[in-house]
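Q: sequence and predicted model, in that order:
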Amino acid sequence: MSPVAYGLGIGVPLGNVLTPAACYLPAGTATRVDAGKTLRGNLTRTVTEATMPDRGCADLDAIKTVRQPVRRECEDCVKIGATWVHLRTCQTCGGTRCCDDSPNKHASKHARAIGHPVIASAEPGERWLYCFKHDLAAEY
């Protein structure tokens, strides 16, 4: 089955469990996408509602829609005038923050401080999630 277009994104299910060493994951292929409506987040765009396979991580399995960034900037770095390397979007609150290669590591600090375990890459062309709590990644 080919991917189904939903608004600004392409709807595909989350797929294979990967090790955290796989930082830059290739785009996954669609195996099954539920027919239905476009979902809308409060301040974020959602990509899809899909049937998700068991990936051995309850937090990754709980992600039914992938939140995308509203702006391609680290909201915490902007406040302090800092720079970032790559961006990650929290799948609980939708905030976009910088990665651990960035000087301030705001995404992982947010996950530890607030308890929001799953992020998605906010980089164009990257389609993966990472769970800080279980140290697992999955492409979508």
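A: Arrived safely, thanks for sending.

Q: can you give me the strands in the protein?
A: With DSSP state E, the ranges of strands along the chain come out as 4-6, 9-11, 17-18, 45-46, 67-68, 87-90, 96-98, 118-121, 128-131, 136-139.

Q: could you pull out the helices in the protein for me?
A: Ranges of helices in the chain, per DSSP state H, are 58-61, 75-80, 106-114.

Q: what stretches of the chain score poorly on pLDDT?
A: Residues of the chain meeting the criterion pLDDT under 70: 1-53.

Q: nearest spatial neighbour of residue 99, skipping sequence neighbours?
A: Leaving aside its sequence neighbours, residue 99 sits nearest to residue 86 (Cβ to Cβ, 6 or more residues apart in numbering; 4.1 Å). Every C-beta, even on glycine, is put in place using the N, C-alpha and C of the backbone.

Q: against residue 109, how distant is the one you found?
A: According to Cβ to Cβ, to the nearest Å, residue 86 stands 15 Å off from residue 109.

Q: when the two are compared, which one has more neighbours?
A: Each of residue 86 and residue 109 has its neighbours counted (other Cβ atoms under 10 Å); residue 86 has more, 17 against 14.

Q: in this structure that one contacts residue 120, no?
A: No. The criterion here is Cβ atoms under 8 Å, and residue 86 misses it with residue 120 at 11.8 Å.

Q: my guess is residue 112 contacts residue 132. True?
A: Yes. Here residue 112 reaches residue 132: they are 7.3 Å apart, a contact under Cβ under 8 Å.

Q: of these two, who's got more company?
A: Neighbours were counted for residue 112 and for residue 132 using other Cβ under 10 Å; residue 132 has more, 18 against 13.

Q: now residue 119: how far from residue 81?
A: Relative to residue 81, residue 119 is positioned 23 Å away (criterion: Cβ to Cβ).

Q: what about those two, which has more around it?
A: The neighbour count for residue 119 versus residue 81, taken as other Cβ under 10 Å, is higher for residue 119 (27 against 6).

Q: great, nothing more from me.
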